[in-house]
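Asks: return atomic coordinates for the entry below.
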Amino acid sequence: MELIEKATKDFEEGKRRNIAVISDPFYGESELLEWVWERAGGGALRVKAGSLKEDFEILERSSAKIAIVEEAHRLYLRKIGGFDLMDRFINFVSSSERLFITTWNSFSWKYLDEVLGIGQHFPMKIELPGMDAGKIRDMLLSGYEEGELTFLEEEEDETEEPKILKRSSFKISLLGERIEIPRPEVDLSSIRSRFHKGEEKRPPMEIFFGKLARISDGNPGVAELLWKEALDYPEVRNSLIDLPSIDLDLDDSFALNVILSMGSVDLAALSEVLEPTGTSAERAAALLEERGLVFIDGEVVSLRAEALKRTAEHLRRARLVW
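Replies: All right, here's what the predicted structure looks like:
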C-alpha cells in the first residue's frame, strides 16, 4: 500500500509511474484495490479488463485521472489474433497521461513480459509475496479469541510406508497415433511426508499452520479455502494432506496452462486456443475435472484453488511456465 500511495502522490506532483500488481491466482488483491479506490474518491475509473472486450471505449470516454484495471491479463488469448486487444491496451497506456493501476495473473505476466515486454510500460511492479505460517495464522485467527478454537491431532495410518518412486507414463503423438511411454516418477508428497515426520511432537496448532502454509504455498486465498474446510467450530481438524503429483500428456498440460494463466476461461475460448493442437477443449476440461484440477460451471472452466500449487509444479516440470 505504501508503494501505491507514493506512486499516487508522485503522480499528483507530475511524475507518472504506472503500476502492475502481480499475484498468483486466488491471492485476493481486492482489499488493496478497495483501498486505492476509496483513496482516489471520484477521481478514478475502476473497470474489469473483461468488460473492455465489449466496450474498450470505456477508457477513452472517461475523464478520470486514474484508471484501475482489474485482471488485465484477460485482454489476450494465446491464438493467432489473440493479442490485438492487449496491443491496443498497451498502446493506450503508453500514449495516455493518466495513471494506470493494474492487476495481473503472475503466470500471464511472466509470459507477456517475455513476448511483449509489457514490463516497460509499468515501471512500478508490486509482486504480492507468499505468506509464512505465522502470517497465515494471524490472518485466519484475527476474528477469534485466544483459546476459542481447539486444534485436533489426526492419527496417521502408518501400516504402509509411502513409496518414493511410482509408475507413471507420458503420452506422445507419433504418425497420428497416441503412444504411452512408461517412466518412473518421484512422488514429492511421499518425500514431504517422510521429511515432516515427527511434527506430532509440536503443538497441534503449530503443526496445522505449518502444513497449511506449505500446502497453500503461502497463498492467502488458498489458505483461507483450506481453513474453511478444516474448521468445524470450535474444532479445527488437522487433516491437511499433500496432494499427489500430476500425470498429464503435453496437450492436456497445455490446456491446463491456459486455464492457470487466466484463472478461468470460457470453453469456447479454450477451444480456439487448442484448435491448432487438435485437442478437444471439452475432452481436456472433462479430464482435468476428473483429476480434481478444475471445475466446470456451465461454459466456464476454472482452476481449483487447492490444485494451484501442484498445477504450477507440474507445468514447471513440463517447462510450460517459468
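
Asks: now do the strands in the stretch 151-300 of the chain.
Replies: Taking DSSP state E, counting those that start in this stretch to define them, one finds strands in the stretch 151-300 of the chain at 165-174, 177-186, 231-232, 235-236, 264-266, 294-297, 300-303.

Asks: what stretches of this structure score poorly on pLDDT?
Replies: Residue ranges of the chain with pLDDT under 70: 154-200.

Asks: and with 80 instead?
Replies: Within the chain, the set of residues satisfying pLDDT under 80 comprises 1, 40-42, 154-201.

Asks: quick one, helices of it?
Replies: Remark: helices assigned in the chain by DSSP state H are 2-12, 30-40, 57-61, 84-95, 106-115, 133-141, 188-195, 204-216, 220-230, 250-262, 267-274, 281-290, 308-317.

Asks: how far off helix 30-40 does the first one point, in degrees?
Replies: Think helix 2-12. Angle between the axes of helix 2-12 and helix 30-40 is 30 degrees (criterion: axes from the mean of the first three to the mean of the last three Cα atoms, to 10 degrees).

Asks: who are the packing partners of helix 2-12?
Replies: strand 19-23, helix 30-40, strand 99-105, strand 124-127 (3 or more Cβ pairs under 8 Å, 6 or more residues apart in numbering; DSSP states H and E). Any C-beta I mention is one placed from the backbone N, CA and C, and that applies to glycine too.

Asks: residue 148 and residue 96: what is the separation?
Replies: The gap separating residue 148 from residue 96 is 50 Å, by Cβ to Cβ, to the nearest Å.

Asks: these two: who's more crowded?
Replies: residue 96 (14 against 10; other Cβ atoms under 10 Å).

Asks: ok, the more buried one - contacts?
Replies: residue 67 (Cβ atoms under 8 Å, 6 or more residues apart in numbering).

Asks: let's see it at 10 Å
Replies: 16, 18, 59-60, 67 (Cβ atoms under 10 Å, 6 or more residues apart in numbering).

Asks: got it, and residue 219?
Replies: Applying Cβ under 10 Å, 6+ apart, the residues near residue 219 are 23-28, 128, 130-131, 136, 213, 225-226, 305, 308-309.

Asks: closest to residue 317 among those?
Replies: residue 309 (12.9 Å; Cβ to Cβ).

Asks: and the closest residue to the closest one other than its chain neighbours, how many neighbours does it have?
Replies: Counting by Cβ to Cβ, 6 or more residues apart in numbering, residue 309 lies nearest to residue 217, which is 4.4 Å off, once chain neighbours are set aside. The local packing of residue 217 (other Cβ under 10 Å) involves 16 other residues.

Asks: same check on residue 207?
Replies: So residue 207, with other Cβ under 10 Å, has 20 neighbours.

Asks: that one reaches residue 213, doesn't it?
Replies: No. Using Cβ atoms under 10 Å, residue 207 is not in contact with residue 213; the gap is 11.2 Å.

Asks: which residues do these two both contact?
Replies: What both residue 207 and residue 213 touch, as defined by Cβ under 10 Å, 6+ apart, is the set residue 133.

Asks: residue contacts, residue 286?
Replies: Neighbours of residue 286 in contact, by Cβ under 10 Å, 6+ apart: 280, 294, 296, 301.

Asks: out of the helices and strands packed on helix 2-12, which is closest to residue 249?
Replies: strand 99-105 (24.1 Å).

Asks: run the angle between that closest one and helix 2-12 for me.
Replies: Using the same axes, to 10 degrees: strand 99-105 against helix 2-12 is 150 degrees.

Asks: and the angle for strand 99-105 with helix 106-115?
Replies: Strand 99-105 runs at 110 degrees relative to helix 106-115, counting by the same axes, to 10 degrees.

Asks: put the alpha carbons of strand 99-105 into CSV.
Replies: What follows is strand 99-105 as a C-alpha-only set of coordinates in CSV (Å, rounded to 0.1, in the frame of the first residue of the first chain):
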residue,chain,number,x,y,z
LEU,A,99,-2.0,6.9,-14.1
PHE,A,100,-2.8,3.2,-14.6
ILE,A,101,-3.1,0.8,-11.7
THR,A,102,-3.5,-2.8,-13.0
THR,A,103,-3.6,-6.3,-11.6
TRP,A,104,-2.2,-9.3,-13.4
ASN,A,105,-2.1,-13.1,-13.0
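
Asks: sheet partners, orientation included, of that strand?
Replies: Looking at strand 99-105 with DSSP bridges, its partner strands are strand 19-23 (parallel), strand 66-70 (parallel).
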